[in-house]
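Colleague: Sequence and predicted model, in that order:
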There are 4 protein chains.
Amino acid sequence: MSTSRTPTGHVSATMERFATVRTLTEALVAPLSDADATIQSMPDASPAKWHLAHTTWFFETFVLRDHFPGYRLFDERWPFLFNSYYEAEGPRHARPMRGMLSRPSLDEVLAYRAHVDAHVERMLDRSDLAALIELGLNHEQQHQELLLTDIKHALSLNPLAPAYAAAPQPVRVSGEMGWDQHPGGVVRVGHEGDGFAFDNEGPAHDVLIGPFALARRLVSNQEWAEFVDDGGYRDPSLWLSDGWAWVQAEGIAAPLYWHEDAAFTLSGMARRRAEAPVTHVSFYEADAFATWAGLRLPTEFEWEYAAADHDPARGVQLDTAQGVQPSGSPGLFGDCWQWTRSAYLPYPRFRPASGAVGEYNGKFMSGQCVLKGASCATPRGHSRTTYRNFFPPEKRWQFTGVRLAKDL
Amino acid sequence: MSTSRTPTGHVSATMERFATVRTLTEALVAPLSDADATIQSMPDASPAKWHLAHTTWFFETFVLRDHFPGYRLFDERWPFLFNSYYEAEGPRHARPMRGMLSRPSLDEVLAYRAHVDAHVERMLDRSDLAALIELGLNHEQQHQELLLTDIKHALSLNPLAPAYAAAPQPVRVSGEMGWDQHPGGVVRVGHEGDGFAFDNEGPAHDVLIGPFALARRLVSNQEWAEFVDDGGYRDPSLWLSDGWAWVQAEGIAAPLYWHEDAAFTLSGMARRRAEAPVTHVSFYEADAFATWAGLRLPTEFEWEYAAADHDPARGVQLDTAQGVQPSGSPGLFGDCWQWTRSAYLPYPRFRPASGAVGEYNGKFMSGQCVLKGASCATPRGHSRTTYRNFFPPEKRWQFTGVRLAKDL
Amino acid sequence: MSTSRTPTGHVSATMERFATVRTLTEALVAPLSDADATIQSMPDASPAKWHLAHTTWFFETFVLRDHFPGYRLFDERWPFLFNSYYEAEGPRHARPMRGMLSRPSLDEVLAYRAHVDAHVERMLDRSDLAALIELGLNHEQQHQELLLTDIKHALSLNPLAPAYAAAPQPVRVSGEMGWDQHPGGVVRVGHEGDGFAFDNEGPAHDVLIGPFALARRLVSNQEWAEFVDDGGYRDPSLWLSDGWAWVQAEGIAAPLYWHEDAAFTLSGMARRRAEAPVTHVSFYEADAFATWAGLRLPTEFEWEYAAADHDPARGVQLDTAQGVQPSGSPGLFGDCWQWTRSAYLPYPRFRPASGAVGEYNGKFMSGQCVLKGASCATPRGHSRTTYRNFFPPEKRWQFTGVRLAKDL
Amino acid sequence: MSTSRTPTGHVSATMERFATVRTLTEALVAPLSDADATIQSMPDASPAKWHLAHTTWFFETFVLRDHFPGYRLFDERWPFLFNSYYEAEGPRHARPMRGMLSRPSLDEVLAYRAHVDAHVERMLDRSDLAALIELGLNHEQQHQELLLTDIKHALSLNPLAPAYAAAPQPVRVSGEMGWDQHPGGVVRVGHEGDGFAFDNEGPAHDVLIGPFALARRLVSNQEWAEFVDDGGYRDPSLWLSDGWAWVQAEGIAAPLYWHEDAAFTLSGMARRRAEAPVTHVSFYEADAFATWAGLRLPTEFEWEYAAADHDPARGVQLDTAQGVQPSGSPGLFGDCWQWTRSAYLPYPRFRPASGAVGEYNGKFMSGQCVLKGASCATPRGHSRTTYRNFFPPEKRWQFTGVRLAKDL
């Protein structure tokens, strides 16, 4: 096997990055018991233990098994358990059954991580694997966010409303909703250049955008309460047809986790803060709210174009397990992922990567909506202007919020 | 009430058009018994009798009730039965229960049509109602197509495979799949000008398109059979994730209505014609086929741009109840509606019409795909280059087919 | 084939009976259009046309096909359509799809009946077939009742509440609920002797019964309204666990077909008559009502023992299509089938008949409850003291009512 | 409050019995982690932790809360979590959500048990509470069995097939299936006298039984394999109609937990032992097997009558957590609960106990079948000749088996 080694300086940066990401994942499960880490609250969500193991399986499979000479699997039966959806990697445990895995225990999964880390660390100087390892780390960062939103959902179903971790930060900003005007034109969107990006962010290409304005802050809990009080959830004229059917079928009358004047948070049940950004709303709700307000959601291209001079690493994003909650950020990033009116579709001339990792993004390009920005649960440094997050229009267990737009 | 009368010449043209459309609907149910016209095969489909009555309800409600001085409803209980989905028009009979309406009988519904027609004909000189009446006629033409696809589905579930009407036309064309090349650029799309169009076709606006090629004909049954024989329905790497889940859950292995070497048609079970365009495929299947072929589906804008110099009234489209079946047409229109890779979304600055008719299109703008062209069941003269048909990606009881595209 | 001919006098009685039963079935569909006779309102129910054809299929299959030399099927494709559940007779049309059979038409099915009748009539002197023909006639009588209850259910789902036939008879009796006392002991139950009975009515055997009293009349609408007003449908302590789950899941709050002070009947929507027997209640409701009243339901053996000196041909039972509605009868028979607390199980030493007709009763002996008596839709002369009707405990589209019992 | 104290000798026996039962429950969870004890595999099953807490809630509620002066609840929020189905005790956590309770932890639940035990022990000399405490202990013994069958089901869904505890005992007996003949007659059934029994076992009463024979041992795995090999699961003529529908819908082709030549056991996956009693079969399977064998299941009364001179404390029953598996017992008790052909119905003159504990048995008297005997998971000493276990006919996660009967 022909391999290429990278210079030492780069290696130590890679090692630090590898350690930082892997350590944060483990820090995020530190508040959890084995039982907490085992339960699965719905097919959309996965147990925390599963996230720990699946992100490790990614490195074990695509880095160690495929590239580490003589590597033996930690446990030959585990790839069946911890493959998520890679058809090319063979059969796998049914997703809705992940909550049945009381074994292996949390400690065994942590031992698996240590074992795989020790081997991957010996590969970090392999420049031919750098892109794959970087993909693995970005993959893990996505699961850090899911781990938090999934455990929030699971704990929310416990009538005891247990807290995951200490209380959130105070709300920092609010006030009038100002508008930034943008002239539009033929603009460049999508990823180009050297840095890491997922395949769905490219190819970069030109799009034609009309003049529009974008709100300077997210819609707040107080504004959403006005929508509720005005009968927003009972007026079909505000809703897309599918959205109205969803509201009726599910008995939706408020954002997820609202309970009268309180809301369930990662710190337990807490009084709802009027000035904080509203979160845990679906695309259908976001669209209905915008219609009610006489405004609209931005397209993903408008948002990306407007974000050109914003720093993706600023705002309320994930640094530690404590205080994960939207709290009000200046800038376009942080607090909540922002629903756009753009369907999640391939960019012109998009081609998925070859091999199993090509299943990462492209095959989900139907029936979902693009979200831009970053949330309070997005690891700081993970997001980008070109980042395309995506979820089905009725989902709301992510930290999803609303930034309004209007035509000029 | 202030009304305005239109000049005589225009009136006679309007009367002829009104009579033509209304008469064709009744011609389409002529082959059906009361029982045929009563049954409903699935919630997506409606009984033929219901189509007859609903299109009449549209005129009775929006033209007669709202504008005909002193008009009394034909039957006060019927609007509840024959409103489709207009929330602003109040409660209505549940859609999946339409097949329970053995009463009113087919004869009573035809009497309802005669009654409403006699009244509407006295309003055809009202220029202030011309747009509304034209909307009603276009609405009825859409239901003509649905009437045929719905009765086809219902009859297909009868083990006796009864024929709706006489045998289809012979296949006219086929041969090599040629390609038309298009340079792209900033092009104008969407409806503008005087003619009738649905609100979802506007506003006209510019889009930026790259160079591409569009196939000169639709994919044929024979080509689809090769896809089947090559294991196309068993290879997850060809499918969108939602599509693969659908294939697995529903046990999909061929287009709808295929039975070994035959297919169910509106003329009963018939040998499948290899050279005819494949039809009754879902978006998921269309997309998987294109992936298998190393090609892709066009966007709605590419298709519209390419269709600029095509005559929408040519090709195999609906003229009479006989021989409704894709048979091979030159040009972009006719035979089958063509799936695009475009999600059905609002055009920039789109605003739904005000009032109940504003519910016609806009509220369906999520989760569906745009189809372009026209099918063998589309009334000739109904379609346009800017026409945006739309269906969810798994539906296939319409005459839906595939025209391929590729990047240049 | 060895056959035996029966004496002439018996034949003419058989011919009259055959003609009477077959004619009544056709009289029952006389008020129906082809469309009425085609629709199916739920998987439990069948279209009227299907009942017409299925009862004919029974004769065509078990009498003509098996015994008429050289008989050719009326249509070779129809046995697939009109077999109900006889596994031994091969595959068959899925029950929930029976409502898709707009073809054959009602007229074609009536022609089928005439054809089969003409052939069967030539077999009526065959003494070796007498039992089979008698089974076919009793089978048809059961379907006469189902035809009425099924069309009632279908018409009830039409918001126009169409009437099937002319208005019901006036209520005849009511008054205080008297009690007949019975000492019990070792008593004989089950069918023995020469007359026709279904296999599930035997073998006759002894059972031991304690002393009990049985109400002289059925529970009335007025008594049921008191149960409703007293919160009977909201008090879980009155209900069996499965019954309470059913009430909660289905939102049950009154007998089927009750609408405020009215009820849907075979003559359309009508004011509810307080003194008439309550009907269209489930076993769960019957049991909860009895608990509320501090009483209980009888066992099937208590009922049969008490009925020893009652005439099964008296009371409100089916004579013509008009006025089918519980109206108050003296005696134990008529008005409504009466839920017992007995599970429908095989009698000791029960053996099903051999061959396909052995599937008639025995295979349903789990999960159902025995009902005794006869209803207003039971053809007069069809029922017996030993008759065991049976339905699942939550069903209520039959004319089912309540006769109370108590221990002495 | 008037209380009565019992003599010392009785108290120490009661204390020993209380300690023995409570200790065994905790011994049964000793092999489980907090995560094992948290998961719920289906709505029918409950987490081990929940069984621990629910049985404790029973004592806390009905003994301490109602009778211990000044008792304060261990945690005021827990009764909502650990009430099972007592409507009279108010709202409660939804049964299918029990698996979401990662908190309280296993340790906290064990502390709850210790707290409640300490208080109950101070009440054990109260003769007026003796019956209630005895009910609580018998209730807990039932949950010991459920705890084992529920954790077996949960672990069986883990692809790693983890073992709960050490290997089962060797098979002890087998050989020819002999028959005991019984003359029948009017015999006494049901509980009478001083010992503990559930309310559903009474009142004692006479029933009339015909002559019959009962098999001396249970049906074995080998005999069941012959049924499988003979196409037993593919022949509808052997099955009750509901059973055949269940086989078709669920794809049933063997007892639960069979995997080719192995079976999942509480000691993990193990080779199947031909001579051991078959277990984990439904009533539908038991009935079909009996039909295939030309025999039948006994009634509950036949079984009880035949068991008159059998010792309920003999046979393979639960003593410790190790080796819980049917292994072959002489006598009528042990190894597997035995399906009877009797529906679970109230005995004549049955009245449920008053108050919440009256919901214990009576409300389940519909749609279920009686099982007699005891299983390898039944705590030794818990069962009786008159014991009436009951489950729905399709359930098979209990240790359920088959003893055959025949008419004489």
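Modeller: Here it is on my side, so go on. What you see is a predicted model, and the numbers here were worked out from it, not measured in a lab.

Colleague: Are we agreed that residue A:287 is in a helix?
Modeller: Yes. Per DSSP: H, G, I helix; E, B strand; the rest coil, residue A:287 lies within a helix segment.

Colleague: Any figure for the gap between it and chain B?
Modeller: 8 Å (C-beta to the nearest C-beta, to the nearest Å). C-beta: built from backbone N, CA, C; applies to glycine.

Colleague: Likewise for residue A:347?
Modeller: From residue A:347 to chain B the distance is 11 Å (C-beta to the nearest C-beta).

Colleague: pLDDT value on that residue, please?
Modeller: Note on residue A:347: pLDDT of 97.

Colleague: cool, and residue A:225?
Modeller: pLDDT at residue A:225 comes out at 98.

Colleague: Could you see whether chain B lies near the top strand by length along chain A?
Modeller: Assignment by DSSP state E gives strand A:337-343 as the longest strand of chain A. Yes. Residues of strand A:337-343 are located near chain B by C-beta under 8 Å from any C-beta of the partner chain, namely A:341-343.

Colleague: CSV please, covering these and showing neighbour count and pLDDT.
Modeller: Converted to CSV, the residues of strand A:337-343 next to chain B look like this (neighbours: other C-beta atoms under 10 Å in any protein chain shown; pLDDT from 0 to 100):
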residue, neighbour count, pLDDT
A:341, 22, 98
A:342, 22, 98
A:343, 23, 98
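
Colleague: Quick check: of those, which lies closest to chain C?
Modeller: Chain C lies nearest to residue A:343 out of the residues of strand A:337-343 next to chain B, by C-beta to the nearest C-beta, at 35.7 Å.

Colleague: wait, what's in contact with the residue nearest to the closest one when sequence neighbours are not counted?
Modeller: Sequence neighbours aside, residue B:343 is the residue nearest to residue A:343 in space, at 3.4 Å (criterion: C-beta to C-beta, 6 or more residues apart in numbering or on different chains). If a contact means C-beta atoms under 8 Å, 6 or more residues apart in numbering or on different chains, then residue B:343 has A:343, A:345, B:368-370 as its contacts.

Colleague: Show me what the lowest-mean-pLDDT helix or strand in chain A packs onto, helices and strands only.
Modeller: Least confident helix or strand of chain A, by mean pLDDT, DSSP states H and E, is helix A:8-29 with a mean of 91. Here helix A:8-29 touches helix A:48-59, helix A:106-120, helix A:130-156, going by 3 or more C-beta pairs under 8 Å, 6 or more residues apart in numbering or on different chains; DSSP states H and E.

Colleague: Would you mind giving those as CSV with mean neighbour count, distance to chain D and mean pLDDT added?
Modeller: Listed next are those as CSV, based on neighbours: other C-beta atoms under 10 Å in any protein chain shown; distance: least, C-beta to the nearest C-beta, whole Å; pLDDT from 0 to 100:
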stretch, mean neighbour count, distance to chain D, mean pLDDT
helix A:48-59, 26, 8, 98
helix A:106-120, 17, 7, 98
helix A:130-156, 21, 6, 97
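
Colleague: what's the closest of the contacts of residue B:343 to residue A:199?
Modeller: The closest of these to residue A:199 turns out to be residue A:345 (C-beta to C-beta; 13.7 Å).

Colleague: burial count for that closest one?
Modeller: By the criterion of other C-beta atoms under 10 Å in any protein chain shown, residue A:345 has 20 neighbours.

Colleague: Which residues does the closest residue to chain B within chain A form beta bridges with?
Modeller: Here chain A gets closest to chain B at one residue, residue A:343, 3.4 Å apart by C-beta to the nearest C-beta. Using DSSP bridges, the bridge partners assigned to residue A:343 are residue A:369.

Colleague: How is chain A divided into domains?
Modeller: Following automatic domain parsing, chain A resolves into domains at A:8-156, A:179-407.

Colleague: Output those in TSV, with distance to residue B:381 appended to each entry.
Modeller: Formatted as TSV, the domains of chain A follow (distance: least, C-beta to C-beta, whole Å):
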stretch	distance to residue B:381
domain A:8-156	46
domain A:179-407	28
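
Colleague: With residue B:360 as the reference, name the closest of the ones you listed.
Modeller: domain A:179-407 (11.1 Å).

Colleague: now do the same end-to-end measure for the closest one.
Modeller: Using C-alpha to C-alpha, to the nearest Å, the end-to-end distance of domain A:179-407 comes out at 11 Å.

Colleague: anything in stretch A:191-200 sitting right up against chain B?
Modeller: No. Counting by C-beta under 8 Å from any C-beta, chain B has no neighbours in stretch A:191-200; the shortest distance is 13.2 Å.

Colleague: ok, residue A:78 - contacts?
Modeller: A:53, A:57, A:104, A:112.

Colleague: Tell me who's in contact with the second one.
Modeller: Neighbour list for residue A:57: A:78-79, A:82-83 [criterion: C-beta under 8 Å, 6+ apart].

Colleague: which parts of chain A sit against chain B?
Modeller: Counting by C-beta under 8 Å from any C-beta, chain A sits next to chain B at A:85, A:87-88, A:186, A:205-208, A:210, A:236-237, A:239-244, A:283-284, A:287, A:341-343, A:345-346, A:348-349, A:359, A:363-367, A:393, A:407.

Colleague: Which one of the residues in the stretch 1-150 of chain A is closest to chain C?
Modeller: Proximity to chain C, evaluated over the stretch 1-150 of chain A using C-beta to the nearest C-beta, is greatest for residue A:42 at 21.1 Å.

Colleague: just chain A next, same as before
Modeller: Taking C-beta to the nearest C-beta, chain A has residue A:251 as its residue nearest chain C, at 13.9 Å.

Colleague: out of the helices and strands packed on helix A:8-29, nearest to residue D:335?
Modeller: Among the helices and strands packed on helix A:8-29, helix A:106-120 sits nearest to residue D:335 (C-beta to C-beta), with 35.2 Å.

Colleague: Return the list of helices and strands in contact with the closest one.
Modeller: Using 3+ C-beta pairs under 8 Å, 6+ apart: helix A:106-120 touches helix A:8-29, helix A:48-59.

Colleague: Between helix A:130-156 and that helix, find me the angle.
Modeller: If you take axes from the mean of the first three to the mean of the last three C-alpha atoms, to 10 degrees, helix A:106-120 sits at 170 degrees to helix A:130-156.

Colleague: Let me see the residues that make contact with helix A:106-120.
Modeller: A:18, A:22, A:26, A:29, A:32-34, A:37-38, A:49, A:52-53, A:56, A:59-60, A:63-64, A:68, A:71, A:74-75, A:78, A:104, A:133, D:35.

Colleague: which residues of the stretch 201-350 of chain A fall in helices?
Modeller: Ranges of helices in the stretch 201-350 of chain A, per DSSP state H, counting those that start in this stretch, are A:221-229, A:241-250, A:283-292, A:300-306.

Colleague: Show me what the second one is in contact with.
Modeller: Read that as helix A:241-250. So helix A:241-250 is contacted by A:233, A:236, A:239, A:252, A:282-285, A:287-288, A:393-394, B:85, B:87, B:363-364, B:366-367 (C-beta under 8 Å, 6+ apart).

Colleague: if we go to 10 Å?
Modeller: A:232-240, A:252-253, A:282-288, A:393-394, B:85, B:87, B:359, B:362-368, B:392 (C-beta atoms under 10 Å, 6 or more residues apart in numbering or on different chains).

Colleague: show me where pLDDT drops low in the stretch 151-300 of chain A?
Modeller: Filtered on pLDDT under 70, the stretch 151-300 of chain A yields the residue ranges A:168-169, A:171-174.
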